[in-house]
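# Sharing a model that was predicted from the sequence below.
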Amino acid sequence: MKEFLIQNYGILTKGVIIFAAIVGLLNYKKYENSVAKYFIYFLFYVFFLEIIATYPRYLNDYDFLSLIKDKFKGSLFERNYWFYTLFWGIGSVLFFSFYYQKIIKNIVFLKIIRIMTYMFLFSSIIYILLNWEPFFRTNLNFISLFGASIILLCIIFYFIEILRSEKVLTFYKSINFYISVALLVWWLVTRPLIFYNIYFSTSDWNFILLQWEVKLLANIFMYLTFAFAFIYAKPEND
Amino acid sequence: MLNQKMINLFFVIQNNEPAVSTASERYLLIYMIAVLIIITSLIIIFFIIFQKRKNKLLLDKIKQQQLFDEELSKTQIEIQEQTLKNIGQELHDNIGQLLSVANMQLSILATEVSENIKEKFTETKNVVKESLSEVRALSKSLNSDVIINRGFQESLSNEVQRLNKLEIINAELSIVGDKNTFQNSKDSIILFRILQEFLSNTIKYAGAKNLKIKLNYKSDSLIIEASDDGKGFNFKSTKKGSGLINMKSRAELINTKFDICSKPNEGVTLALVYPYRNE
């Protein structure tokens, strides 16, 4: 199990992402005129993000990159924390904020989401500037937690709006319902992990494996739910 | 030996080795995640149950509204039928009676009339006689009990004969299939009233010369087609009058497919597809 995880963790994660993205692409026609098409774009963005983000590993694995490897060695870009923070920690939050602003109709909710997103963006930039060194060495808990709270806020607003509305009688046929459920589980479940980041080093394999198991299960659950939703849902129920 | 260990430990601390998690810390993490999974699933389950419940209430409300509407139009039709029946009875018992008395007295008088006005007198007498039979026929077509008694097809052919006798229009009724397949008397009144409305519209507005009604009894449904060759109307631009709306809502009441189409100067065609229902 341990060996298997070490060998295949990356491939499994990327596999479920590209699976969800391709299922989305196959159903693209269905969602062409709905907001869900942005979500299909987003899945491809995540897939390429994952591929680029593993660059430290490529530098280790491929000999022909050894020249560049020396350049990276010891520089701020040796690890990929900064990349994840920028493009997943901030990027995905901005995307979901945009996405839910397209779905939610309530003006008060929209205003709150918009203000929170701006606050998140500016405070993140300031926080990165103030913590320049840690930005490249580790995850920034502040950004992860603030980002998660914005996404959870969007999901809660979406749920409240569905419960209040009289139109959506067939919520279980709506793709946004499944996206919201998957996101809610993923963001809530993976957040405790960030407090344990100090243990994420090669000298503590017990923790790394645990974290990988949790993250892998969360990812598989989330992306398979997306894939299922693409097939099952009907865009006219959004 | 102990000393050596102490030195080692000291060295480790000095070297600032990366921290290692303890088993209890990892269990705490697992526990936290489990709790979060339970909480999120509870939230989702609550959401689904609440939403289902709400949907059920909404559907019930819609159903109730539909039932109410149906009941309302049923009552309207009942009231209308009652009124028509009353009028029919009045026509038959009162005016009919008066006319037949007049007819009788004219017959008695006929012997005493002088030769020079005899012809005119007979003419008048015939007019009175005709009015009497006209009033009787009309009263029969108004009284729903009579319609039930005679049956749908008989009543309809009677109506067609009445129109032909009045010489307003040249009406024609053609029948395909066996009339015994259609037995529902309540529905037959509604169908009859729809056709009656169509006929009266044709006479009032269309200025048509010919009128054709075709009954086609199939094994599972009755297809009725009625068409005139009058001036027709533009279906889109004409505001729907109460007659049209009444016909449509009546048809809906007995699950009948109602289709009316018309173009200016091409007459009007009404098509009804009535699936048989048990009473």
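Thanks, I have the structure now.

# name the element the closest residue to chain A within the stretch 51-200 of chain B belongs to?
Using C-beta to the nearest C-beta, the closest approach of the stretch 51-200 of chain B to chain A is made by B:Asn55 at 5.0 Å. C-beta here means a position set from N, CA and C on the backbone, and glycine is covered the same way. Taking DSSP states H and E as the definition, one finds B:Asn55 inside helix B:23-90.

# now do A:Ala229
helix A:205-232.

# where along the chain do the helices fall?
Since you didn't name a chain, this refers to chain A. For chain A, the helices defined by DSSP state H cover A:2-26, A:28-31, A:36-53, A:55-61, A:66-72, A:81-84, A:91-103, A:107-130, A:132-137, A:141-164, A:175-190, A:205-232.

# oops, I was thinking of chain B
In chain B, helices defined by DSSP H lie at B:2-14, B:23-90, B:96-110, B:118-142, B:144-150, B:152-166, B:185-201, B:242-253, listed in chain order.

# Around chain B, pick out the residues from chain A.
Within chain A, the positions near chain B by C-beta under 8 Å from any C-beta of the partner chain are A:159, A:162-163, A:166, A:169, A:171-172, A:181, A:184-185, A:188-189, A:191-193, A:196, A:198-199, A:201, A:203-204, A:206-207, A:210, A:214.

# returning to that earlier point: I'd like to know how many residues surround the residue of the stretch 51-200 of chain B closest to chain A.
For B:Asn55, the neighbour count with other C-beta atoms under 10 Å in any protein chain shown is 16.

# Which pLDDT does the model give it?
If you check B:Asn55, the pLDDT there is 85.

# And for B:Ile49?
For B:Ile49, pLDDT reads 89.

# One more: B:Gly232?
B:Gly232 is assigned 80 on the pLDDT scale.

# residues near residue 133, how many?
Since you didn't name a chain, this refers to chain A. Residues near A:Glu133, counting by other C-beta under 10 Å: 8.

# that's the other chain; I wanted chain B
Counted with other C-beta under 10 Å, B:Ser133 comes out at 13.

# what's the distance between it and B:Phe121?
Between B:Ser133 and B:Phe121 the computed distance is 19 Å (C-beta to C-beta, to the nearest Å).

# With B:Leu215 instead?
43 Å.

# OK, contacts around the residue nearest to A:Asn219 when sequence neighbours are not counted?
Closest residue in space to A:Asn219, ignoring its immediate chain neighbours: A:Thr13 at 5.4 Å, by C-beta to C-beta, 6 or more residues apart in numbering or on different chains. Each residue near A:Thr13 by C-beta atoms under 8 Å, 6 or more residues apart in numbering or on different chains is listed here: A:50, A:215-216, A:219.

# mind showing which ranges of the chain have poor pLDDT?
No chain was given, so I picked chain A. Scanning chain A for pLDDT under 70 picks out A:167-169, A:237-238.

# not what I meant, chain B
Counting by pLDDT under 70, the ranges of chain B that qualify are B:1-18, B:235-240, B:279.

# interface residues of it facing chain A?
Within reach of chain A by C-beta under 8 Å from any C-beta, chain B has these residues: B:17-21, B:23, B:25-26, B:29-30, B:32-33, B:36-37, B:39-41, B:43-44, B:47-48, B:50-51, B:54-55, B:58-59.

# Which parts of chain B belong to which domain?
B:25-142, B:169-279 (automatic domain parsing).

# Now those domains in a markdown table, please, with extra columns for distance to B:Arg150.
Putting the domains of chain B into a markdown table (distance: least, C-beta to C-beta, whole Å) gives the following:
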| stretch | distance to B:Arg150 |
| --- | --- |
| domain B:25-142 | 8 |
| domain B:169-279 | 10 |
